[in-house]
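In: attaching a predicted model along with its sequence, questions to come.
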Amino acid sequence: MIKFIFKMNLPVFLALVFVMTACSHTTNTGKNDSASTPAPAADDPSSREIVELNQVVKQNPPSSKTKKAHLELARLNSNHNNHRRNYYKAMKHLEAYVNLENSAADDETLDWLVALKEINRLSREIRQVKKQLRKSNTSRTALTKTNRKLTREEIKLREKNRQLEESNQKLQKTIKMLKNLDQRLEEKRRNFNN
């Protein structure tokens, strides 16, 4: 039974890994911000078709035309030939399509939606890891600077300590000489008094 389940899920898993690997070079910000999205290239038929279908979705109330437009937008936004693919937008359009289908979506469409959601989740995780990496690099740089500063201060303190030790030795010699001188003076004074 376990082998059967494993064999059934293996193609889906491999397809997901293939999609993730093949599309790892693309940027998927996970944001649907039309202000930051560059205008479609004039020679890119996918971009022109996406713009036209977006107009259909905006202008038409929920209908079969809108439903088909959402499905086609999901396909175009996740198409391997689209150099500006956006898995987040594909997921949103596919979700809208499934919602308009009123639970009549086939298993393949639902599998596609699950794969897009997983891609979106992994993209968010990758962005978080990159953000943490930038923070850790910033922290590492700050720690490196602090470490260099402390190393320079340590070198200065060692030099100062060495100078103080030399000065201390000289003072100990002077004290020893003064004690000897004091003893001789004390002896002379005793001898002189006797």
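Out: Received the coordinates, thanks. On a predicted model such as this, the values are computed, not experimentally measured, just so you know.
In: so how far is Leu76 from the residue most central in space within the chain?
Out: In the chain, the centroid-proximal residue (C-alpha atoms, centre = their mean) is Lys130; its distance is 1.1 Å. Using C-beta to C-beta, to the nearest Å, one gets 27 Å for the distance from Lys130 to Leu76. Glycine gets a C-beta too; all of them are placed from N, C-alpha and C.
In: likewise Glu108?
Out: For Glu108, the distance to Leu76 - C-beta to C-beta - is 17 Å.
In: and for Arg189?
Out: Distance from Arg189 to Leu76, by C-beta to C-beta: 112 Å.
In: of these two, who's got more company?
Out: Using other C-beta atoms under 10 Å as the criterion, Arg189 and Leu76 rank with Leu76 on top: 22 against 10.
In: helix or strand for that one, which one?
Out: Using DSSP states H and E, Leu76 falls within helix 64-77.
In: so which elements touch the helix or strand that that helix is followed by?
Out: Past helix 64-77, further along toward the C-terminus, the next helix or strand under DSSP H and E is helix 87-101. Applying 3 or more C-beta pairs under 8 Å, 6 or more residues apart in numbering; DSSP states H and E, one finds that helix 87-101 contacts helix 64-77, helix 107-193.
In: so which of those helices is nearest Leu53?
Out: Closest to Leu53 of the helices and strands packed on helix 87-101, according to C-beta to C-beta: helix 64-77, at 4.6 Å.
In: return the closest one as PDB; C-alpha atoms alone will do.
Out: Provided in PDB are the C-alpha atoms of helix 64-77 (Å, rounded to 0.1, in the frame of the first residue of the first chain):
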ATOM      1  CA  SER A  64     -17.800  32.300 -18.600                       C
ATOM      2  CA  LYS A  65     -15.600  34.800 -20.500                       C
ATOM      3  CA  THR A  66     -14.100  36.100 -17.200                       C
ATOM      4  CA  LYS A  67     -13.600  32.500 -16.100                       C
ATOM      5  CA  LYS A  68     -11.700  31.600 -19.300                       C
ATOM      6  CA  ALA A  69      -9.700  34.800 -19.000                       C
ATOM      7  CA  HIS A  70      -8.600  33.900 -15.400                       C
ATOM      8  CA  LEU A  71      -7.600  30.400 -16.600                       C
ATOM      9  CA  GLU A  72      -5.600  31.800 -19.500                       C
ATOM     10  CA  LEU A  73      -4.000  34.400 -17.300                       C
ATOM     11  CA  ALA A  74      -2.900  31.700 -14.900                       C
ATOM     12  CA  ARG A  75      -1.400  29.700 -17.800                       C
ATOM     13  CA  LEU A  76       0.300  32.800 -19.300                       C
ATOM     14  CA  ASN A  77       1.800  34.000 -16.000                       C
END
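In: many thanks, have a good one.
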